[in-house]
Each structure stands twice: as C-alpha cells, then as structure tokens.
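J.: Got a sequence here, can you build the structure:
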Amino acid sequence: MDDFIKTLDESLVYVSHKIIDDFIYITVKSNSQEFICPYCGKSSSNVHSFYPRRFQDLPIMGKKCVILIDNRKIFCNNPDCKHKTFAERFSFLGDKARRTNRLEDEILRVSLNCSSVTASALLTKFTATIGKSAICNLLKKNRACRN
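T.: Below you'll find the predicted structure:
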C-alpha cells in the first residue's frame with residue numbers, strides 16, 4: 001500500500017486503511033519538513049496546527065478510494081508576507097480540491113462522451129461519488145483552462 005501512496009507524492013507515508021462497503025479509506029501522513037509559502041515563496045518549517053482533510057482518488061480493486069490526511073497549517077516566517085499562515089500543499093491535489101488530479105482527468109474523460117447525468121451515474125457506480133453539477137463545474141473549469 002505504501003508504494004501506491006508514493007505514486008501520489010513521495011512525501012506521503014501510509015498509516016492504515018479500512019474497507020467499509022464499497023469504499024476503502026486510506027489514512028496517510030506527510031513527512032515533509034520544509035514548506036514553501038505560496039504567497040511569498042519563502043520556506044518555513046514552523047507548524048501552526050493540523051486539520052483533517054479527505055479527498056477521493058481512483059478506485060482500488062473495485063473499491064472507491066478516499067484518502068484521509070491531517071493537513072498541516074504552517075506559519076510564514078516572512079514578516080513582509082501578508083499571510084501569517086498557509087496550508088500544506090500537494091502537487092497531485094488542487095487548492096481546496098476534494099479529488100486528485102488523476103481522478104478529475106478520469107471524470108473529464110468519461111463526461112466528455114455522455115451527458116452529465118449519465119456520467120454521474122456511471123462514475124458514482126464504478127469510480128467515485130460525484131453529482132451532475134460537480135461534473136458540469138469541472139467541465140467549465142477545464143474549458144476555461146484550455147482557452
């Protein structure tokens with residue numbers, strides 16, 4: 001399982017997992033020591049606090065995958081930065097995202113070939129829980145990024 005988690009990010013470490021019905025819940029932690037403030041670009045290692053974060057990923061062995069992490073909030077050491085704290089960020093996950101980038105790519109691939117209602121039904125049954133409005137929003141966001 002640790003190898004699977006490392007495909008998302010090398011700094012993640014597998015902690016545990018639970019299988020409940022059609023879902024697998026994987027708990028991970030980050031072993032990063034230095035963090036770059038996204039606002040000013042300065043590095044910091046001062047942890048402010050933790051908060052629980054959960055996001056969906058591609059299914060594993062036919063089970064919908066939810067990854068749980070205690071995300072860190074970090075103090076920015078730059079006195080000139082307008083932000084005193086910032087959240088730990090990951091390359092495989094957008095800011096405030098609830099789905100990994102690779103899951104969003106799969107959702108887009110499926111939803112480009114059928115209606116959002118049909119895509120929602122297919123994806124919810126086999127891949128990840130997602131509503132038709134979330135698919136429409138993802139399609140709009142993707143269209144805006146390409147233009």
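J.: List the buried residues in stretch 62-73.
T.: Of the residues in stretch 62-73, 64, 65, 66, 67, 68, 69, 71, 72 count as buried by neighbour count, 16 or more other Cβ atoms under 10 Å. All C-beta atoms are positioned from the backbone trio N, CA, C, and that covers glycine.
J.: Can you pull out the residues in contact with it?
T.: Applying Cβ atoms under 8 Å, 6 or more residues apart in numbering, the contact partners of stretch 62-73 are 8, 12, 19, 22-30, 35, 47-59, 85-88, 100, 126-129.
J.: List just the nearest of the buried residues of stretch 62-73 to residue 119.
T.: Within the buried residues of stretch 62-73, proximity to residue 119 (Cβ to Cβ) peaks at residue 64, which comes in at 15.6 Å.
J.: pLDDT averaged over stretch 118-127 - what is it?
T.: In this model, stretch 118-127 has an average pLDDT of 94.
J.: Oops, could you answer that again for stretch 61-76 instead?
T.: Confidence for stretch 61-76, expressed as mean pLDDT, is 96.
J.: try stretch 93-106
T.: So the average pLDDT for stretch 93-106 ends up being 92.
J.: Now do the end-to-end distance for it.
T.: Terminal residues of stretch 93-106 lie 14 Å apart, using Cα to Cα, to the nearest Å.
J.: Give me the buried positions along it.
T.: Neighbour-count burial for stretch 93-106, counted by 16+ other Cβ under 10 Å, picks out 93, 98, 99, 100, 103, 104, 106.
J.: got a list of contacts for that stretch?
T.: Contacts for stretch 93-106 (Cβ under 8 Å, 6+ apart): 8, 54-58, 67, 89, 92, 107, 127-128, 130, 138.
J.: Could you report the separation of residue 137 from residue 121?
T.: Spatial separation of residue 137 from residue 121 under the definition Cβ to Cβ, to the nearest Å is 17 Å.
J.: Ignore what I typed, I meant residue 4.
T.: 27 Å.
J.: For residue 86, give me the pLDDT.
T.: Confidence score, pLDDT, at residue 86: 96.
J.: That one belongs to a strand?
T.: Yes. The assignment for residue 86, made by DSSP: H, G, I helix; E, B strand; the rest coil, places it in a strand.
J.: Cheers, nothing more for now.
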